[in-house]
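*Asks:* Predicted model, plus sequence, below.
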Amino acid sequence: MGEELNDCEPESSQSCSSCGPSCGSGSIEEVVKERYGRLWESQRGGSVRSKKASLSSAHDALLKELNPRTGMKVLDIGSGSGETVLRIAEKVGPTGKAVGIDFSPQAIALAKEKAKRRKLEKVTEFRQGNAKELPFSDNTFDAVISECVVCLISDKQRTLNEKVRVLKPGGHVIMHDAVSLAPMPKIVREDQRLYCACIGGAVNRDEYVRMMKEAGLKDVKIVDFSKEGRKMMNTSILAQAIELRREEEFAEIVNFVRNGGVGYALFIGTKEQV
Ligand SMILES: C[S@@+](CC[C@H](N)C(=O)[O-])C[C@H]1O[C@@H](n2cnc3c(N)ncnc32)[C@H](O)[C@@H]1O
């Protein structure tokens with residue numbers, strides 16, 4: 001999402017109105033993995049500092065909330081190029097640890113390559129794994145973050161439950177994600193390209209909050225970034241809409257965007273002390 005949103009889109013549009021995002025080459029999870037894998041592979045051997053694949057204003061706010069300091073153990077889920085993990089590692093070392101997990105092997109290879117070049121190997125750890133089944137023990141981290149990832153996962157509740165499980169009591173989940181601001185038409189929700197661009201899988205703010213509470217988080221706060229997020233998100237939606245042939249669907253999409261379309265928000269929640 002954000003300034004790199006278009007990089008995250010597949011080379012060829014697969015706007016398929018007759019089937020859901022799980023059609024075609026396999027499950028939507030496989031499609032996401034493959035497409036992001038290609039993006040991260042294309043960045044190997046490039047700049048030692050990458051641009052983020054998510055909204056920069058929300059990223060800055062997340063770091064402010066996190067307030068990373070010496071000794072903290074932080075997990076970033078869907079860590080992509082590893083840029084956020086490396087920024088956190090610069091603050092939590094030498095006694096703390098910044099850990100990134102991503103299901104794309106290309107993301108892990110890129111992040112490790114950058115950690116080495118920035119001499120941050122000792123305070124970082126990058127592991128390949130799925131957000132729905134985290135390879136960490138209960139109560140391990142002081143904070144668990146994610147940036148534009150939950151919207152890409154179909155089983156959001158399971159992902160949030162996992163975040164809370166590995167978080168220490170009193171620790172924070174801090175995440176920013178795409179949010180739907182109006183009822184999303186089926187044609188948007190079921191388009192693979194829009195799904196991979198963090199749009200089709202977005203749910204509304206109340207639904208994110210409900211799932212966070214269900215996972216065991218309290219004092220849930222929201223910071224709205226829709227003003228910045230909407231411009232980019234809705235441009236992608238409309239770009240896809242003009243490729244559609246059926247007038248009715250086009251009108252449905254335009255109405256969705258007119259009513260708000262997709263925005264962006266930062267969510268913060270705290271795990272109960274035992
Ligand atoms: C939009 S990118 C964001 C990357 C990074 N957080 C950033 O802001 O630059 C989404 C990332 O989530 C990863 N991802 C998506 N679904 C995942 C899952 N179920 N488990 C682990 N990683 C996942 C993708 O491979 C990709 O690297």
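*Replies:* Now that the structure is in, tell me what you want to look at.
*Asks:* Grab the nearest non-local neighbour of the residue of the stretch 151-274 of the chain found nearest the ligand.
*Replies:* Nearest residue of the stretch 151-274 of the chain to the ligand (Cβ to the nearest ligand atom) works out as Leu152 at 4.3 Å. C-betas here are computed from N, CA, C, even on glycine. In this structure, Leu152 finds its nearest non-sequential neighbour in Val32, 5.3 Å apart by Cβ to Cβ, 6 or more residues apart in numbering.
*Asks:* got the contact list for the one you found?
*Replies:* 152, 195-196 (Cβ atoms under 8 Å, 6 or more residues apart in numbering).
*Asks:* which is the next helix or strand following the lowest-mean-pLDDT helix or strand in the chain?
*Replies:* Between all helices and strands in the chain, the lowest mean by mean pLDDT, DSSP states H and E belongs to helix 226-241, at a mean of 85. Going down the chain from helix 226-241, the next helix or strand is helix 247-258, by DSSP states H and E.
*Asks:* Around the ligand, which positions in this protein sit nearby?
*Replies:* Contacts of the chain with the ligand, taken as Cβ under 6 Å from any ligand atom, map to 1, 8, 32, 36, 52-54, 78-81, 102-104, 107, 130-132, 147-149, 152-153, 198.
*Asks:* ok, now which ones touch Lys227?
*Replies:* Applying Cβ under 8 Å, 6+ apart, no residues qualify as near Lys227.
*Asks:* again with Gly201
*Replies:* By Cβ under 8 Å, 6+ apart, Gly201 lies in contact with 21, 151-154, 178, 189, 195.
*Asks:* what ranges of this protein fall below the confidence cut-off?
*Replies:* Judged against pLDDT under 70, the low-scoring parts of the chain cover residues 1-26, 53, 244-245.
*Asks:* Could you name the residue of it that is farthest from its center?
*Replies:* Most distant residue from the mean C-alpha position of the chain: Glu247, 32.2 Å away (Cα atoms, centre = their mean).
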